[in-house]
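Undergrad: only the shape, not the letters, is given here:
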């Protein structure tokens, strides 16, 4: 079918509406419509601004504008004829009568098993962001109103009042927009079959962002449930461009034996983005993430554009860039700040101002990454490391939300390695290459939450639920034994010592079905649903500085910070938050009291690495740039010179090699290696290497990691031991470190304990919220660290420990990536024994100071250390 | 300071430190126990046995291994000091039904520890009433010489108490370390909680100022194989 034929699929009012806007339906919109009418599950891949959302809803809007037919089947959900058979008629003629049919007296129909409503819920839309769901609902209501379609659209989020939720259950809208967590909640109620029986379509927005996380696991299980409840269900996934869409295509269809795939529709790309790297006239810093050197140039770019989005990677970067820009802001341009820790009201204010076009720039973290429409942005700046090509493209796509015009983006590297990373990202954009998403194996803690939720709904048979769970793509490979272990965990804790039968949360009835043992269990499940476990957050409240010992009162809430950040502070310390320099006064229950500080320079907090490590794809490209001289011509002069001196002083490794440099400095012996695998994997490597060096009696003292390199220092001379053949670097970097050494370290690792805590909360072992108890969490919870220690000793194979280990492998410890690296460099380790620090080592060596130096003098100390190191390296 | 009893071998002080409370020389062990060599008395506080099953009864299915873990550590300390008497300073069971719920194997382990020595359960707020079937003697408080053993500290000189679960926090190299600790100003002492599932209260909290009057006390933090003495004023608040 060509485009013209497909246009015939659009009823007259839709064609007229498109025409009245001066638009033509796009090819991918019509293609998706055709597939959906044929009851296919479809993945639509389209760049930002391609009319993706409208495409996703078009089939539903068309179907819902068609007349309602009398039900002709007694099977729940299958009573209405498939939409594809219904011929859509022009709306005007029958508009009124149909509207009354849909909105007026809806009839209840007995389906034998339960009651089903005629009409009922037709389409469910799931968004990763509450704000996005609300935004989309607003955008959708306009065409619906303009075409006069009799369609009711509602949202349901955590903010929806209880009365409205109740009403939505009794009298659902045609289209409901919600989040994965809310969907899980609705599914965990006995009336879910009644509510979803009529469902025809589920639209999953920003699917690429959802599937890589535990939220994706939760969503996949909910989707499997929906396919069971609504036999006529078709799915539509909307995604930004990804390298390997098959993972997403699997996600959208129930998996049987073998692998089923959803159909694929790929939208034509718009104009290629116009992305450059800032050609700075300043000296490029050796380390750090503040990009202070470039802020004058950034400010001038803001001056020259209408609206600029300044993306950074972390909250502390956002705060510092925002502060500095205001220091330079002679014209008093309206520059705002947006990050996830700011108070919601504050964020909404910025978003509204942005949509109205009254801001000149917003400094933002990934809190703005996803699709909410921000009006007329004409420039996107990405300050710091791009981390991944796909993520960068999505950010830059925020400029010029019209496909025909190229998005304009400028990359601002904050240090020398980031220049390499930015160059690699530019290369990837030019080649239209994308990062590969690593496909997930569904986590067991999320499964535990789902099983408890299922028991809160209709009682289930283990056999049937197991089959349903396996139809969800991330759980397609789930073994029955693991399913049973999780079920056992949900029921009685899953302990080898069978002590808790009488305290079971779910029980099997005489009919063999599992149900909750007490309604309060369901109530508690509902209060704790979800997979997003934030670090413990404390509210930041602004108070007057206290002159006396009296604890100050009142004041407004500025936002929330992680508890571990406050733990590092001593009263009187100053830090930047919500765009102000604040002084830490005291902690009162779960609130941090702060006052406005008079200090010019805050004690800057240690750099918190962003959530995303450097993608493997970009890392590969960076390694290639370094090892191929012909690539260097794309680099700024300063960087080329840096690499040239490195080559003459030490060497540059080939793309598959690992360079290990050793050198003495200030009475210590250093080992620096360059895996380019991201900070998390390097930290894990550092932990394991120091254990091994300890055993080799090389007396290691410490290590520091950044995204590109790892430096370990100690008293013993590694180079000498290698020369005397008492130590082999091949053995030191052998993959077997991921065996016993890893296990021994995990026993005491704080990161592992943090990971365990998240699993324990998601799986429902520890509850975040209790009914009727709004007391401080400290009073009602138990430290998961204590639970971890005891469980590890007494039942190391427990399902929660297994879940935590699997998470650690892919998450905070990035063991999977470390393992890949160790196997890649096998037999390819190149050792350079040097007399002093090499140019390539300078950036990571500078992190040594940054990790532990605080206070007013820290900048001076760092500057001196930096000058000294640079002198040694370049002379 | 008096010499230890002549019939016993010299005390192995690895992992322990000797301090004086109200003029009495006592040994504080990094396992969280206090030993009084002259009287051959060992004291532990806040065992919170059966805390796991206590939570489980309320629907939070914590691992049922805490009692076994706590008793195993207690067995090590008892083997090391071979005390004539053991004093459990209250909150020995997390709730009044703990002694009923305790598993047979754990009960047997407890009986074995009690064999051949006096065993004194001091009443705590979690376990105020005497119970049968767990052996030992039940008292509200116990005075021996210059020292008074009780659950809740009152601030009186010579007092060895528990209840508060002291812990201390220090920072360095950009990290924070939190450990259980003994808290003492030389006249009185608050013991760390011994139970595997017992939480902690920062020594900078008001409750400690109420006991010691000032911040002029020492937090003896429990390290790996050693005790670290830190002035409470240098420790971090939460």
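TA: Now that the structure is in, tell me what you want to look at. In this text, all values refer to a predicted model and were calculated from it rather than measured experimentally. Numbers count the residues shown, from 1 in each chain, chains lettered A, B, ... in the order given.

Undergrad: contact partners for whichever residue of chain A sits closest to chain B?
TA: At 3.4 Å from chain B, residue A:493 is the closest residue in chain A, using C-beta to the nearest C-beta. No exception for glycine: its C-beta is placed from N, CA and C like everyone else's. Neighbour list for residue A:493: A:500, A:765, B:56, B:61, B:62, B:63, B:64 [criterion: C-beta atoms under 8 Å, 6 or more residues apart in numbering or on different chains].

Undergrad: rerun at 10 Å
TA: When contacts are counted by C-beta atoms under 10 Å, 6 or more residues apart in numbering or on different chains, residue A:493 is found next to A:499-500, A:503-505, A:765, A:798-800, B:52, B:56, B:60-64.

Undergrad: report the buried residues of the longest strand anywhere in chain B.
TA: Secondary structure of chain B per DSSP state E: the longest strand is strand B:175-184. By neighbour count on 16 or more other C-beta atoms under 10 Å in any protein chain shown, the buried set for strand B:175-184 is B:178, B:179, B:180, B:181, B:182, B:183, B:184.

Undergrad: out of those residues, flag the one nearest to chain A.
TA: Distances from chain A to the buried residues of strand B:175-184, taken by C-beta to the nearest C-beta, are shortest for residue B:178, at 8.6 Å.

Undergrad: tell me how far the closest residue to that closest one other than its chain neighbours lies from residue B:195.
TA: Leaving aside its sequence neighbours, residue B:178 sits nearest to residue B:169 (C-beta to C-beta, 6 or more residues apart in numbering or on different chains; 4.6 Å). The gap separating residue B:169 from residue B:195 is 20 Å, by C-beta to C-beta, to the nearest Å.

Undergrad: those two: which is more packed in?
TA: Applying other C-beta atoms under 10 Å in any protein chain shown to residue B:169 and residue B:195 shows that residue B:195 carries more neighbours, namely 28 against 21.

Undergrad: so how far is residue A:497 from the residue lying closest to the more buried one once chain neighbours are set aside?
TA: Closest residue to residue B:195 apart from its sequence neighbours, by C-beta to C-beta, 6+ apart: residue B:48 at 3.5 Å. As for residue B:48, its distance to residue A:497 is 18 Å (criterion: C-beta to C-beta).

Undergrad: quick one, which of the two is more surrounded?
TA: Neighbours per residue, other C-beta under 10 Å: of residue B:48 and residue A:497, the larger number sits with residue B:48, 28 against 14.

Undergrad: how about the contacts made by that one?
TA: B:54, B:66-67, B:70, B:91-95, B:98, B:124, B:126-127, B:165, B:193-199.

Undergrad: may I have the phi/psi pair for the residue of chain A closest to chain B?
TA: With angles defined as degrees, to the nearest 10, residue A:493 sits at phi 100, psi -10.

Undergrad: what of residue B:190?
TA: Given degrees, to the nearest 10, the pair of backbone angles that residue B:190 has is phi -110, psi 130.

Undergrad: OK, now which residue of chain B is nearest to chain A?
TA: Closest approach of chain B to chain A (C-beta to the nearest C-beta) occurs at residue B:61, with a separation of 3.4 Å.

Undergrad: now for residue 206, how many residues are close by?
TA: Picked chain A for this. Residue A:206, neighbours per other C-beta under 10 Å, totals 21.

Undergrad: actually it's chain B I care about, not the one you picked
TA: 8.

Undergrad: then the one 4 residues further on?
TA: Burial of residue B:210 is recorded as 12 neighbouring residues (other C-beta under 10 Å).

Undergrad: which residue, neighbours along the chain excluded, lies closest to it?
TA: Once flanking residues are discounted, residue B:210 sits nearest to residue B:155: 7.0 Å by C-beta to C-beta, 6+ apart.

Undergrad: now swap in residue B:98 and tell me
TA: Using C-beta to C-beta, 6+ apart, the nearest residue to residue B:98 is residue B:50, at 3.6 Å.

Undergrad: looking at chain B, which helix or strand is least sure?
TA: Using mean pLDDT, DSSP states H and E, the weakest-scoring helix or strand in chain B turns out to be strand B:166-172, at a mean of 79.

Undergrad: now do the buried residues in it.
TA: So for strand B:166-172, counting by 16+ other C-beta under 10 Å, buried means B:166, B:167, B:168, B:169, B:170, B:171.

Undergrad: likewise stretch A:265-276?
TA: Neighbour-count burial for stretch A:265-276, counted by 16+ other C-beta under 10 Å, picks out A:265, A:267, A:270, A:273, A:275.

Undergrad: still on that earlier bit, now the nearest residue to the residue of chain B closest to chain A once chain neighbours are set aside: how far from residue A:182?
TA: Leaving aside its chain neighbours, residue B:61 sits nearest to residue A:493 (3.4 Å; criterion: C-beta to C-beta, 6+ apart). Separation of residue A:493 from residue A:182 (C-beta to C-beta): 28 Å.
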